[in-house]
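> the sequence and its predicted three-dimensional model are supplied below.
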Amino acid sequence: MIIRGLAAWLLATVLLTSAAYAHGGVGMVDNRCVLRIGPDLMFFTGYQPQNSRDEFCDDVPNTGQTVVALDMQDTELRDMLTEIRIIRDDGTHTRMNGLPFLTDAELTSPEVLDPVTIKHLPPKKYPTGTLTFELNFPKNDRFIGIVTVENQHGQRYVSQFPFAVGQPIGRNLVLYGFMLAALIAGVYGIWHYGGKQKKPAAIPKNPA
């Protein structure tokens, strides 16, 4: 019973973690939008002032002016060079778990990045731990955000997060619905089949 319970808990943890980070490096932690980059965290905030002040975490709800703010939760990030790049997803990149993913060679290739880059903040230190930038999305499309940090020893961490602009909410509903169904099926399977253990054979009664 305890083993089955632990197995169900582990399965739920794995699936829910995958759901939380369904957009690559960006996900929700304690009701806050978080960008994971190496061992460190950045808080992520996005909003569109011309539409509403409501914040979003992954997909951009509408076209137009968009403001993005990153708050470096871990102080060591403030001493590192931080580079921001937003590129169009042209559909030519490697897919990982259904999401676009740039290889190390692509990440360091101007020939690959420059033609599809719509916003680039060169490497720079942010001593206050906060950086804000604006960009304009003229039409619905798919994009990839790339955040790169590098310390004084040359060690680099890269976080990639694909997102869509003006994407119907149905895409996320299908994704999370699939994960929920997988979670329910997995937990049921563990409990159902794990409970089918052979019952001990009945001990025959001695004749009187």
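That came through fine.
> and the next element down the chain from the helix or strand of the chain with the lowest mean pLDDT?
Scoring the helices and strands of the chain by mean pLDDT, DSSP states H and E places helix 2-20 at the bottom, with a mean of 42. Remark: after helix 2-20, the chain's next helix or strand is strand 26-29, criterion DSSP states H and E.
> for that following strand, buried residues please.
26-27 (16 or more other Cβ atoms under 10 Å). Using the backbone N, CA and C atoms, a C-beta is placed for each residue, glycine as well.
> pairing partners for the helix or strand just after that strand, with directions?
Sequence order places strand 32-37 as the next helix or strand after strand 26-29, per DSSP H and E. Sheet pairing of strand 32-37 (DSSP bridges) gives strand 26-29 (antiparallel), strand 40-48 (antiparallel).
> of these, which shows the lowest average pLDDT?
Comparing mean pLDDT across those, the weakest is strand 26-29, with a mean of 78.
> neighbouring strands of the helix or strand hosting Asp71 in the sheet, and parallel or not?
Per DSSP H and E: Asp71 is located in strand 64-72. Paired neighbours of strand 64-72 in the sheet (DSSP bridges): strand 40-48 (antiparallel), strand 130-137 (antiparallel).
> what's the local residue count around the nearest residue to Asp40 once chain neighbours are set aside?
Of all residues not flanking Asp40 in the chain, Asp74 sits nearest, at 4.0 Å (Cβ to Cβ, 6 or more residues apart in numbering). Other residues within reach of Asp74, judged by other Cβ atoms under 10 Å, total 14.
> contacts for stretch 27-39?
Around stretch 27-39, the neighbours that count as contacts under Cβ atoms under 8 Å, 6 or more residues apart in numbering are 20-21, 25-26, 41-46, 55, 57-58, 70, 73-74, 77, 147, 149, 157-159, 161.
> buried residues in that stretch?
27, 33-38.
> next, give me the two most distant ones among those residues.
Spatially, the most separated pair among the buried residues of stretch 27-39 is Cys33 and Gly38, at 17.9 Å (Cβ to Cβ).
> show me the shaky parts of the chain.
1-24, 168-208 (pLDDT under 70).
> circling back to that earlier point, need the strands paired with strand 32-37 in a markdown table with distance to Met96, can you?
Converted to a markdown table, the strands paired with strand 32-37 look like this (distance: least, Cβ to Cβ, whole Å):
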| stretch | distance to Met96 |
| --- | --- |
| strand 26-29 | 15 |
| strand 40-48 | 20 |
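> can you tell which of those strands is closest to Pro138?
The nearest among those, by Cβ to Cβ, is strand 40-48 at 13.4 Å.
> I'd like the next helix or strand past the closest one.
Per DSSP H and E, strand 40-48 leads on to strand 52-56 as the next helix or strand towards the C-terminus.
> mind listing residues that contact that next one?
33, 45-47.
> going by distance to Leu102, which of those wins?
Gly46 (20.9 Å).
> is it true that that closest one touches Val68?
Yes. Proximity of Gly46 to Val68 meets the contact threshold set by Cβ atoms under 8 Å, at 4.9 Å.
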